[in-house]
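**Q** Next come a sequence and a model predicted from it.
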Amino acid sequence: MFDEAPTSEELARAALRASVLANQQQQVLTEESQRLLAALLREEMRVAVAAGIREAFDQALTEENARRVFKIGVDVLQEQAATSAGRMLWSGIKGLLRFAFWPVFLLTAALMIGGPGLFKAVWAALWKSP
């Protein structure tokens, strides 16, 4: 009977008995001791977190990672510049077409109505020497 492995139920009961004994032997901390312990734990946690953050930054900020970040930034800037340049080009073309539409339309209409003779008469009237 002693050479058999304990069942999970027996292991659970043994763990429960050990837990109950440990709880009975615990001493109650005074309020001042609790505050002191809390302050010490906070300080240890602060130091551990700061050390972890410092270590993570030291591992992350390598020359290779800096090159990757810089390359990604340059790629994004180039893409945005190309997009903006395309937008500016098209808006310039649209503005030029809007600006030139009415004069070209009116000149075409005048040419269709009066022919080249109308242009000669207008040219002579505008640039007539006094």
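**A** Yes, it's here.
**Q** drop to CA atoms for contacts and neighbour counts, all remaining ones
**A** Noted.
**Q** pLDDT wise, what is Ala50 at?
**A** With respect to pLDDT, Ala50 scores 94.
**Q** go on, the one 5 residues further on?
**A** Note on Glu55: pLDDT of 90.
**Q** now swap in the one 3 residues further on and tell me
**A** According to the model's per-residue confidence, Asp58 sits at a pLDDT of 83.
**Q** in this protein, which spans are helices?
**A** In the chain, the helices defined using DSSP state H lie at 8-25, 31-60, 63-126.
**Q** Adding mean neighbour count, write these out as a markdown table.
**A** Below are the helices of the chain laid out as a markdown table (neighbours: other Cα atoms under 10 Å):
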| stretch | mean neighbour count |
| --- | --- |
| helix 8-25 | 11 |
| helix 31-60 | 12 |
| helix 63-126 | 12 |
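**Q** Compare the mean pLDDT across the ones you listed and name the weakest.
**A** Among the helices of the chain, helix 8-25 scores lowest, at a mean of 73.
**Q** So which elements touch it?
**A** With contacts taken as 3 or more Cα pairs under 8 Å, 6 or more residues apart in numbering; DSSP states H and E, helix 8-25 sits against no other helix or strand.
**Q** Show me how far it is from its chain's centre.
**A** Centroid separation between helix 8-25 and its chain, computed with Cα atoms, centre = their mean, to the nearest Å, is 52 Å.
**Q** again, but for stretch 46-58
**A** Counting by Cα atoms, centre = their mean, stretch 46-58 comes out at 24 Å from the chain centroid.
**Q** Only C-alpha atoms, please: export that stretch in PDB.
**A** What follows is stretch 46-58 as a C-alpha-only set of coordinates in PDB (Å, rounded to 0.1, in the frame of the first residue of the first chain):
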ATOM      1  CA  ARG A  46       9.400  50.800  -8.800                       C
ATOM      2  CA  VAL A  47      13.100  49.900  -9.100                       C
ATOM      3  CA  ALA A  48      12.300  46.600 -10.900                       C
ATOM      4  CA  VAL A  49       9.900  48.300 -13.400                       C
ATOM      5  CA  ALA A  50      12.500  51.000 -14.100                       C
ATOM      6  CA  ALA A  51      15.200  48.400 -14.600                       C
ATOM      7  CA  GLY A  52      12.900  46.400 -16.900                       C
ATOM      8  CA  ILE A  53      12.100  49.500 -19.000                       C
ATOM      9  CA  ARG A  54      15.700  50.500 -19.200                       C
ATOM     10  CA  GLU A  55      16.700  47.000 -20.300                       C
ATOM     11  CA  ALA A  56      13.900  46.900 -22.900                       C
ATOM     12  CA  PHE A  57      15.000  50.200 -24.400                       C
ATOM     13  CA  ASP A  58      18.600  49.200 -24.400                       C
END
